[in-house]
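Engineer: Quick one: sequence and predicted model below, then my questions.
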Amino acid sequence: MSRLVVVSNRVGPLRGATKAGGLAVALADALRTRRGLWFGWSGEVRDGPQGHEVQAQSLGGVTRAVIDLTSTEHDDYYNGFANRCLWPLFHFRLDLATFDRRYYEGYQRANQRFAQALTPLLRDDDLIWVHDYHLLPFGETLRDMGARQRLGFFLHIPWPVREILTALPHHEHLVRALFSYDLVGFQTEADLLRFQDYVLREAGGSQRGNRLYAYGRSVIAQAYPIGIDTDQFATLAASDEAGHEAAKLKAAIFDRTQIVGVDRLDYTKGLPERFQAYEKLLELYPEAHGQVSFLQIAPTSRGEVQEYIDIRHQLDALAGHINGRFAQLDWTPLRYINRAITRRQLAGIYRASRIGLVTPLRDGMNLVAKEYVAAQDPDNPGVLVLSRFAGSAKQMAAALIVNPYDPVGVAEAIETARHMPLAQRRDRHRALMHELRRSDVASWSQNFLTALDHAVAAVPPGVPAIEEAAG
Ligand SMILES: O=P(O)(O)OC[C@H]1O[C@H](O[C@H]2O[C@H](CO)[C@@H](O)[C@H](O)[C@H]2O)[C@H](O)[C@@H](O)[C@@H]1O
Ligand SMILES: O=c1ccn([C@@H]2O[C@H](COP(=O)(O)OP(=O)(O)O)[C@@H](O)[C@H]2O)c(=O)[nH]1
């Protein structure tokens, strides 16, 4: 079996699985099986020669190798091109995207520095799996440096529609770079279709089965929806420690119906719209006053980026407005916590909540929706209210699917969830769990790696020319 090399902007810890989250657990498992290497950014910003060194550490056959970012790289590559340009654009928010040539150059340079640092660590028969929008050109850069290994890429965020993507001055370079990989994976069929649409209509490429031809190259493109560690998370939620967390929460709200939202504080998550939908619920259903309690956990994310500073101010104001308008001496309708909660605490909070509100305006997958369901007590489960624009919605049709732009529709769904009979809650939960078990995070990484194992690196001889295949 080839060694696995995972490359991602953020590198998970080699220990502390319950803190790390599903993705880190899944990748760490695959890395352990293949005695692999995980390479990326340390999470530290440091100027000067020290930051250029690779810091490596091994545990249980897995090596974690990281480099620091300089402050310029952090500004231009991470905060700049990745999070002020690609992130909004790929989430259909052209209005929030900043196109700055300096950011693009910083992004290319950071990808080159990552590739330069990784190259000496590579072996000829490695299987290399690159993750996410920070590293779109990484495969091409690595190939230019002579890498001949099988190279896979997985995009964790949505692929945008062609009309939006083509507004990006460098769209062609970035899409062309994806053709240096052997396999490109997306979260959903809808993302895959939008990628194919770009290749066929904008790049003048062609398609045969799941192989796309363009720019004189070819790549296999497929959807691989990411899952969670379903059974492990369900076990964690049923543990004594999580139970303690759940009991604390119930005592704090005097057994009112708990509604919960858990999101990084990001404008893609639809938080102002969600707060407004909750306000609408209180407006339309006065009998709910004093009976419900909404807890929103929203740790600050990418806090140096202006658009994230703005959304934080907007939420602070909305939370104050809703509580000011509806609170009573013995009832606070909305509790808003602006810091991160551990996975173990989250498991208990999910389990104690009758309604899980997951209403992003656009989301690659949304693991919180899956965790909320996995954490429920199967005998008395809560109800998931889920945005149709989350990647997870297709696999989770047994949730109450809503349009996050429609506050009345979301308020009505909350009201439906509040009164849903036990038998219906159980049926929905059973259907959702069946799918979450079938497509968990271990099968996600296995499916991707098996396909990459079998992917052919170059266009094989005898493959038809582009025009011929198109005809
Ligand atoms: O690394 P950060 O800038 O702090 O951001 C955290 C991560 O956010 C994004 O997550 C995405 O991946 C999830 C798992 O596939 C998916 O469920 C979610 O819908 C996506 O938004 C980002 O893509 C990661 O690279 C970041 O590390
Ligand atoms: O306070 C928090 C908030 C979120 N999370 C975790 O962060 C992940 C968020 O993933 P998701 O796919 O929902 O969205 P993303 O933040 O990756 O866009 C989930 O595993 C959550 O359990 C956490 O551990 N603590």
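Structural biologist: Happy to help now that I have it. Residues are numbered from 1 along each chain as shown. Ligands and ions are numbered 1, 2, ... in the order given.

Engineer: Check the burial of residue 426 by counting its neighbours.
Structural biologist: 15 (other C-beta atoms under 10 Å). Quick note: C-beta positions are derived from backbone N, CA and C, even for glycine.

Engineer: How about the residues of the stretch 301-450 of the chain by ligand 2?
Structural biologist: 340, 341, 343, 346, 365, 366, 367, 368, 371 (C-beta under 6 Å from any ligand atom).

Engineer: tell me which element the fourth one falls in.
Structural biologist: In this case it means residue 346. Taking DSSP states H and E as the definition, residue 346 sits inside helix 343-351.

Engineer: Could you confirm residue 190 falls within a helix?
Structural biologist: Yes: Residue 190 sits within a helix when classified using DSSP: H, G, I helix; E, B strand; the rest coil.

Engineer: how about the helices in the stretch 51-200 of the chain?
Structural biologist: Applying DSSP state H, counting those that start in this stretch to the stretch 51-200 of the chain gives helices spanning 71-73, 87-90, 101-118, 138-144, 162-165, 171-178, 189-197.

Engineer: Residue 170 versus the closest residue to residue 15 other than its chain neighbours, what's the distance?
Structural biologist: Excluding its sequence neighbours, the residue lying closest to residue 15 (C-beta to C-beta, 6 or more residues apart in numbering) is residue 59, at 6.7 Å. Distance, residue 59 to residue 170, using C-beta to C-beta, to the nearest Å: 38 Å.

Engineer: show me the residues around the residue in the stretch 51-200 of the chain positioned nearest to ligand 1 that make contact.
Structural biologist: Across the stretch 51-200 of the chain, the shortest distance to ligand 1 (C-beta to the nearest ligand atom) belongs to residue 156, at 3.4 Å. Residue 156 sits next to 131, 132, 133, 187, 226, 364, 365 when contact means C-beta atoms under 8 Å, 6 or more residues apart in numbering.

Engineer: 6 Å - rerun?
Structural biologist: 132, 364 (C-beta atoms under 6 Å, 6 or more residues apart in numbering).

Engineer: near ligand 1, which residues of the stretch 1-150 of the chain?
Structural biologist: 10, 23, 132.

Engineer: got the contact list for the helix or strand encompassing residue 425?
Structural biologist: Per DSSP H and E, residue 425 falls inside helix 422-438. Applying C-beta under 6 Å, 6+ apart, the contact partners of helix 422-438 are 230, 370, 373, 374, 376, 381, 383, 395, 396, 398.

Engineer: which one of the residues you listed sits closest to residue 239?
Structural biologist: residue 374 (13.0 Å; C-beta to C-beta).

Engineer: Skipping adjacent residues, who's closest to that closest one in space?
Structural biologist: Residue 374 sits nearest to residue 233 (C-beta to C-beta, 6+ apart), 4.4 Å away.

Engineer: Can you classify the one you found as helix, strand or coil?
Structural biologist: Residue 233 ends up helix, using three-state DSSP.

Engineer: out of the helices of the stretch 51-200 of the chain, which comes closest to ligand 2?
Structural biologist: helix 87-90 (9.9 Å).

Engineer: hmm, who's touching the closest one?
Structural biologist: Counting by C-beta under 6 Å, 6+ apart, residues outside helix 87-90 touching it are 96, 97, 157, 158, 160, 168.

Engineer: next one: stretch 181-197
Structural biologist: Outside stretch 181-197, the residues touching it (C-beta under 6 Å, 6+ apart) are 139, 150-155, 158-159, 161-162, 178, 219-225, 364-365, 391, 394, 448, 451-452, 455, 457.

Engineer: Report the buried residues of it.
Structural biologist: 181-188, 190-192, 194-196 (16 or more other C-beta atoms under 10 Å).

Engineer: Tell me, please, where in the chain the pLDDT is lower than the cut-off.
Structural biologist: Counting by pLDDT under 70, the ranges of the chain that qualify are 16-22, 51, 457-471.

Engineer: The longest helix anywhere in the chain vs ligand 1: in contact?
Structural biologist: Criterion DSSP state H: the longest helix present in the chain is helix 306-326. No: taking C-beta under 6 Å from any ligand atom as the criterion, helix 306-326 and ligand 1 are apart, separated by no less than 10.0 Å.

Engineer: and that helix, what does it pack onto?
Structural biologist: With contacts defined as 3 or more C-beta pairs under 6 Å, 6 or more residues apart in numbering; DSSP states H and E, the packing partners of helix 306-326 are helix 271-284, strand 334-337.

Engineer: and residue 384, that's in a helix?
Structural biologist: No: counting by three-state DSSP, residue 384 falls outside a helix, being strand.

Engineer: hey, what's it bridged with?
Structural biologist: residue 356 (DSSP bridges).

Engineer: residues contacting it?
Structural biologist: Counting by C-beta under 6 Å, 6+ apart, the residues that residue 384 touches are 356, 372, 373, 399.

Engineer: Point out the other helices and strands that the helix or strand hosting residue 293 packs with.
Structural biologist: Here residue 293, judged by DSSP H and E, is contained in strand 292-297. Here strand 292-297 touches strand 257-262, strand 334-337, going by 3+ C-beta pairs under 6 Å, 6+ apart.

Engineer: Dump these into TSV; add mean neighbour count as well.
Structural biologist: Compiled in TSV, those are given as follows (neighbours: other C-beta atoms under 10 Å):
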stretch	mean neighbour count
strand 257-262	24
strand 334-337	17
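
Engineer: can you list those in JSON lines and add distance to residue 287?
Structural biologist: Listed next are the helices and strands packed on strand 292-297 as JSON lines, based on distance: least, C-beta to C-beta, whole Å:
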{"stretch": "strand 257-262", "distance to residue 287": "12"}
{"stretch": "strand 334-337", "distance to residue 287": "18"}
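
Engineer: Get me the contact residues on the stretch 151-300 of the chain for ligand 2.
Structural biologist: Residues of the stretch 151-300 of the chain lying near ligand 2 (C-beta under 6 Å from any ligand atom): 262, 264, 297, 299.

Engineer: my read: the last one touches residue 340, true?
Structural biologist: Read it as residue 299. Yes: the criterion here is C-beta atoms under 6 Å, and residue 299 meets it with residue 340 at 3.9 Å.

Engineer: Briefly note if stretch 270-287 comes near ligand 1.
Structural biologist: No: figure legend: stretch 270-287 not in contact with ligand 1 (C-beta under 6 Å from any ligand atom); closest approach 12.5 Å.

Engineer: distance between that stretch and the chain's centre?
Structural biologist: Distance of stretch 270-287 from its chain centroid, counting by C-alpha atoms, centre = their mean, to the nearest Å, is 26 Å.

Engineer: Distance-wise, check the spatially closest residue to residue 157 that is not a sequence neighbour relative to ligand 1.
Structural biologist: Using C-beta to C-beta, 6+ apart and skipping the chain neighbours, the partner closest in space to residue 157 is residue 364 (4.2 Å). Distance, residue 364 to ligand 1, using C-beta to the nearest ligand atom, to the nearest Å: 3 Å.

Engineer: Can you give me the neighbour number for residue 364?
Structural biologist: 25.

Engineer: which residues touch it?
Structural biologist: Taking C-beta under 6 Å, 6+ apart, one finds 156, 157, 158, 187, 391 in contact with residue 364.
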